[in-house]
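**Student:** dropping the sequence and predicted coords here.
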Amino acid sequence: MQVLKDRTALVVGAAGGIGAAIATAFVAEGARVVLADHDGDRAAATARSVGAVGAVRVDITEEASVAAAVADAEARLGGGIDILVNSAGILTEAPVAEMSLATWAQTLAVDLTGVFLCCRAVLPGMTARGSGRIINIASQLGIKGGTGLAHYSAAKAGVIGFTKSLALEAAPHGILVNAIAPGPVETPMVDGITEEWKDAKRAELPLGRFGRPEEIAPTAVLLASDPGGNLYTGQTLGPNSGDVMP
């Protein structure tokens, strides 16, 4: 049974990695999906390969770009957006004592402010319809922190806090807002992390390995589905190889 049949979705940061896996899973479950990414050509290629409605280019750090991308996605979908997934992100490694302000600011702009801008852009439509699902991709590092990753951890902790607060505001309007906090996942984003860090992290994990994008996507399907996701709001689900056990 296609649990997302006749639903519409915008997946941000969907040219590759976790976002692409979620878009693929949504299409397989019957949703009509638009992909958004700063790499518009790659997003368009991914959209074609997974059978999505189309793709739009977006700079999630720019308010006007986000507004235009949401309007474009709505036009392609022929109506409102039922499901928003915020999966865009960047990841670099630097100890705090050596971190530049530019590195700190860029990470927060993409990994936190971008989530805020995308959520804010879809809220009026969801509120008018009295329903919606928002799924923000956080990280287990937003819960436990990580050496050399204070900027990323701070941004993802912010995503978790933002998700809880927005869930409280949106629930009276029929909008459910949740976060997924994966552990380390084998995606191009981890290319910016040293092999030494990754080897040490694998040794810490109870499962002994990083996840794969297709192992994260089913959690997003659950949160987006009816009735499977109906009682989740303000929650942070953790497919993280056992790295965090709340």
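**Tutor:** That came through fine. Given the structure is predicted, the values throughout are model-derived calculations rather than measurements.
**Student:** residue 25 is in contact with residue 220, isn't it?
**Tutor:** Yes - counting by CB atoms under 8 Å, residue 25 sits close enough to residue 220 to count as a contact (6.8 Å). Where C-beta positions appear, they are placed from N, C-alpha and C, glycine not excepted.
**Student:** of the two, which one has the most company?
**Tutor:** Counted by other CB atoms under 10 Å, residue 25 and residue 220 do not tie: residue 220 has more neighbours, with 29 against 23.
**Student:** how about that one: what's its closest non-neighbour residue?
**Tutor:** Nearest non-adjacent residue to residue 220, counting by CB to CB, 6 or more residues apart in numbering: residue 22, 4.6 Å away.
**Student:** ditto for residue 242
**Tutor:** Take residue 242 and drop its neighbours on the chain: the residue closest to it by CB to CB, 6+ apart is residue 206, 3.3 Å away.
**Student:** burial count for that neighbour?
**Tutor:** Using other CB under 10 Å, residue 206 is surrounded by 10 other residues.
**Student:** give the rounded mean pLDDT of the helix or strand hosting the residue nearest to residue 220.
**Tutor:** In this assignment (DSSP states H and E), residue 22 forms part of helix 17-28. Average pLDDT, helix 17-28: 98.
**Student:** next, the buried residues of it.
**Tutor:** Under the neighbour-count criterion of 16 or more other CB atoms under 10 Å, helix 17-28 has 17-27 buried.
**Student:** residues contacting residue 187?
**Tutor:** Listed by CB atoms under 8 Å, 6 or more residues apart in numbering, the contact set of residue 187 reads 16-18, 213.
**Student:** how close does it sit to residue 116?
**Tutor:** Distance of residue 187 to residue 116, computed by CB to CB, to the nearest Å: 23 Å.
**Student:** do residue 232 as well
**Tutor:** From residue 232 to residue 116 the distance is 21 Å (CB to CB).
**Student:** next: residue 102.
**Tutor:** When residue 102 is compared with residue 116 (using CB to CB), they lie 20 Å apart.
**Student:** what's the answer for residue 68, then?
**Tutor:** Between residue 68 and residue 116 the computed distance is 17 Å (CB to CB).
**Student:** gap between the residue of the chain positioned farthest from its centre and residue 148?
**Tutor:** In terms of distance from the mean C-alpha position of the chain, residue 97 ranks first, at 29.0 Å (CA atoms, centre = their mean). Relative to residue 148, residue 97 is positioned 11 Å away (CB to CB).
**Student:** list the buried residues of stretch 100-108.
**Tutor:** 104, 107-108.
**Student:** and stretch 197-206, how far from the chain's centre?
**Tutor:** Averaged C-alpha coordinates place stretch 197-206 at 23 Å from its chain's average position (CA atoms, centre = their mean, to the nearest Å).
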